[in-house]
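Asker: Let me see the structure of the following:
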Amino acid sequence: MFRRSSSEPTPTVPDKVGGKGRPTPSRKEAEAAARARAKVPRTRKEQMAAQRAARGESSQRMREAMKNGDERYLPARDRGPVRRFIRDYVDSRFSFIELMVPLLVLSMILGYSGNRTMLQLGNTVLFTTIMVIIFDIVMLRFRIRREMARRFPDEPTKGLTFYAALRSLQMKFLRLPKPQVKIGDKLPETYR
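Answerer: From the prediction side, this is the model:
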C-alpha cells in the first residue's frame with residue numbers, strides 16, 4: 001500500500017468563506033443557553049437585581065445618547081428635528097448667560113464687602129445682569145419664532161420657546177444633550 005511519509009505536509013481544508021468562525025453548538029448546548037436566557041427570577045431578590053441591571057443598562061444608553069446626540073435613546077422632550085434645530089440654534093449663538101456666573105460672583109463679593117458704595121455697586125451689577133438676561137431671552141423668543149415659521153411652517157410652536165429659554169439659561173458645558181455645534185457655526189437648512 002501507499003504510505004505517506006512523515007515529512008509531507010497534511011492537506012488542509014480551506015475555511016468556508018462567509019462562515020461564522022465557530023463550530024455549531026450541539027442541541028444540548030443550544031437548549032441550555034435558551035433556558036438560561038429565559039430563566040425567570042425565582043425570588044424577589046433576584047427579580048429586583050434583574051430590574052436594577054436592566055434599569056442601569058437603560059440609563060447608561062440614555063447617558064451616552066445625551067453625550068452623542070443619538071435620537072433613538074433621547075428622552076421624549078428632546079426628540080425630533082424641531083427640538084434638534086432649537087438646541088443647535090441656542091448653542092450656535094453667544095448668550096449673556098455665559099457671563100452670568102462671573103457677574104453674580106462679582107456682585108456677591110461687592111455686596112459682602114461691608115462698604116455702602118460697594119454694596120450699591122454690587123446691587124447695580126446684579127440687577128443689570130438680570131435685566132440683560134431677560135432682554136436676551138425675549139429677543140431669543142422672537143428670533144426662534146421667526147426661524148420656526150421659516151423652517152417648519154406646519155409644526156406647532158407650543159412649548160418651543162420655553163424649551164429654548166431653558167436651554168439658553170444653562171451654562172454651555174452643562175447642557176444636555178451636549179451641544180453639537182459651536183458658537184457662530186452656520187446651521188443646515190433642513191432638519192428632517
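
Asker: what about the longest helix in this protein?
Answerer: In the chain, with assignment by DSSP state H, the single longest helix is helix 116-151.

Asker: any idea of the mean pLDDT in that one?
Answerer: For helix 116-151, the mean pLDDT works out to 91.

Asker: For it, enumerate the helices and strands it packs against.
Answerer: Identification of packing neighbours for helix 116-151 by 3 or more Cβ pairs under 8 Å, 6 or more residues apart in numbering; DSSP states H and E yields helix 81-92, helix 100-111, helix 160-168. C-beta: built from backbone N, CA, C; applies to glycine.

Asker: what angle sits between that helix and helix 160-168?
Answerer: Inter-element angle recorded for helix 116-151 and helix 160-168: 130 degrees (by axes from the mean of the first three to the mean of the last three Cα atoms, to 10 degrees).

Asker: buried stuff in helix 116-151?
Answerer: 121-122, 125-126, 129, 133, 136-137, 140-141, 144, 148, 151 (16 or more other Cβ atoms under 10 Å).

Asker: Please apply the same query to stretch 59-76.
Answerer: By neighbour count on 16+ other Cβ under 10 Å, the buried set for stretch 59-76 is Ala65, Met66, Leu74.
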